[in-house]
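Chemist: Give me a 3D structure for the following:
(one chain, ligands or ions: 2)
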Amino acid sequence: MTDTRDTEVILRQRDITRREFLKFCGVVAGALGLGPVFGPKIAEALTGSNRPPVLWLHFSECTGCTEAVLRTTAPWFDELIMGALSLDYHETLMAAAGDTVENILTEASEQYAGEFFCVVEGAIPTAENGTFGMIGGRTMLSIAQDICPKAKAIIATGTCASYGGLPAADPNPTGAKGIADALTSLRVPVVNLPGCPPNPINFVGLIATYLLEDKLPELDRFGRPVFAYGEKVHKRCPFKENRTGRCLEDAGCKGKYSYNNCPSIKFNEGTSFPMQAGHPCIGCSEPSFWDRMTPFYTEYEGDFGGKKRMKFAHVSNDDDLG
Ligand code: FSX
Ligand code: F3S
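Modeler: Ligands and ions are numbered 1, 2, ... in the order given. Predicted coordinates for the structure are as follows:
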């Protein structure tokens with residue numbers, strides 16, 4: 001366990017001023033729909049001594065969700081997140097391996113039973129009793145069945161853990177599912193933070209909400225926090241708002257069918273997000289997006305070799321998937 005002074009030391013070591021830290025907390029407050037005045041409260045929550053235990057499980061995935069946290073342009077961001085939590089188990093970050101690690105998972109899940117947050121990253125292969133995904137001789141399914149029911153709450157980070165994502169794309173031979181679908185008799189609340197990858201600011205926002213209010217945020221019908229997934233991406237489309245540039249709908253943009261706050265908080269310290277970079281939204285935070293949002297691109301007709309325009313295969317303007 002660290003205390004408030006430890007975080008101050010981390011900030012100093014990383015050459016981060018208190019002012020920069022408060023600016024970051026202001027961004028988190030913005031993501032939560034709170035005014036900038038709440039920035040200092042978020043800072044207090046993130047640097048306090050109340051650090052919930054967290055066991056972070058990896059299943060069928062690309063690890064992009066963890067990478068999104070670790071490889072942000074702000075080098076201190078990962079330490080801030082990890083410092084706000086008591087991270088007792090994370091396979092990507094642990095130096096130990098083998099039996100030692102397996103024992104840590106079992107012991108921590110028993111020691112903190114009913115208290116820990118279980119962060120799940122990746123989908124769970126369920127076909128053939130889960131034999132398509134093995135870790136240390138055990139199926140991912142049996143690890144999830146063993147650990148998840150002991151948690152206080154589950155945070156499914158990324159679209160794979162939330163809804164199956166890429167591993168569950170048709171024909172899905174491994175029977176990959178999101179955690180709530182894989183463990184149907186689970187009595188523990190599940191918060192989905194979809195996105196491929198999800199925005200780390202929303203993860204911090206979720207943790208900050210819990211630290212400040214001692215409860216989980218309001219969720220939508222797909223188990224996503226309303227603070228982050230309450231509006232369609234299209235609502236704050238930069239082209240729509242500024243009337244500059246070219247609307248990307250003809251190129252296949254799925255912003256009208258996708259709920260996420262990317263246009264407001266963006267990625268990499270607020271630098272940009274897909275549409276701002278000229279790329280259509282592919283609906284990465286929606287259930288079954290690999291099946292329902294493809295083809296991701298629409299061919300233009302006319303200037304591009306007279307090709308026939310390709311219509312969306314599964315989405316029409318009247319079909320609100322969210
Ligand atoms: Fe999935 Fe995350 Fe996409 Fe990758 O771990 S949400 S494939 S960015 O990494 O699970
Ligand atoms: Fe994903 Fe679309 Fe945002 S592709 S990152 S929901 S702009």
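Chemist: Distance from the chain centre to stretch 104-124, please.
Modeler: 18 Å (Cα atoms, centre = their mean, to the nearest Å).
Chemist: scratch that, stretch 228-236 is what I was asking about
Modeler: Its chain's C-alpha centre and that of stretch 228-236 lie 16 Å apart, by Cα atoms, centre = their mean.
Chemist: what comes up buried for it?
Modeler: 228-229, 231-234, 236 (16 or more other Cβ atoms under 10 Å). Every residue, glycine included, has its C-beta placed from N, CA and C.
Chemist: okay, those in a markdown table with secondary structure and distance to Ile155 next?
Modeler: Converted to a markdown table, the buried residues of stretch 228-236 look like this (DSSP: H, G, I helix; E, B strand; the rest coil; distance: Cβ to Cβ, whole Å):
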| residue | secondary structure | distance to Ile155 |
| --- | --- | --- |
| Ala228 | helix | 12 |
| Tyr229 | helix | 14 |
| Glu231 | coil | 21 |
| Lys232 | strand | 23 |
| Val233 | helix | 22 |
| His234 | helix | 27 |
| Arg236 | helix | 25 |
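Chemist: From the residues you listed, pick the one nearest ligand 2.
Modeler: Taking Cβ to the nearest ligand atom as the measure, Val233 is the one of the buried residues of stretch 228-236 closest to ligand 2, at 4.9 Å.
Chemist: What ranges does this structure have for its strands?
Modeler: Taking DSSP state E, the strands of the chain run over residues 53-58, 86-90, 117-121, 124-125, 134-135, 138-139, 153-157, 176-177, 190-193.
Chemist: wait, which of those strands is closest to Ala29?
Modeler: strand 190-193 (17.8 Å; Cβ to Cβ).
Chemist: In the sheet, which strands lie alongside the closest one, parallel or antiparallel?
Modeler: strand 153-157 (parallel) (DSSP bridges).
Chemist: So which residues make contact with the strand it pairs with?
Modeler: Contacts to strand 153-157, defined as Cβ atoms under 8 Å, 6 or more residues apart in numbering, come from residues 65, 117-121, 148, 162, 178-180, 186, 188-194, 198, 203, 206, 216, 223.
Chemist: What about ligand 1: which of those touch it?
Modeler: Counting by Cβ under 6 Å from any ligand atom, 65, 121 from the contacts of strand 153-157 sit close to ligand 1.
Chemist: If you go by neighbour count, which of the contacts of strand 153-157 are buried?
Modeler: With burial judged by 16+ other Cβ under 10 Å, the buried subset of the contacts of strand 153-157 is 65, 117-121, 148, 162, 178-180, 186, 188, 190-194, 198, 203, 206, 216, 223.
Chemist: quick revisit: deepest-packed of the strands of the chain, please.
Modeler: Burial of the strands of the chain is given as mean neighbour count (mean count of other Cβ atoms under 10 Å); strand 124-125 ranks first at a mean of 30.
Chemist: Just confirm yes or no for that one near ligand 1.
Modeler: No: Strand 124-125 lies apart from ligand 1 when judged by Cβ under 6 Å from any ligand atom; the minimum separation is 11.4 Å.
Chemist: If you count contacts, what does that strand end up packed against?
Modeler: helix 140-147, strand 176-177 (3 or more Cβ pairs under 8 Å, 6 or more residues apart in numbering; DSSP states H and E).
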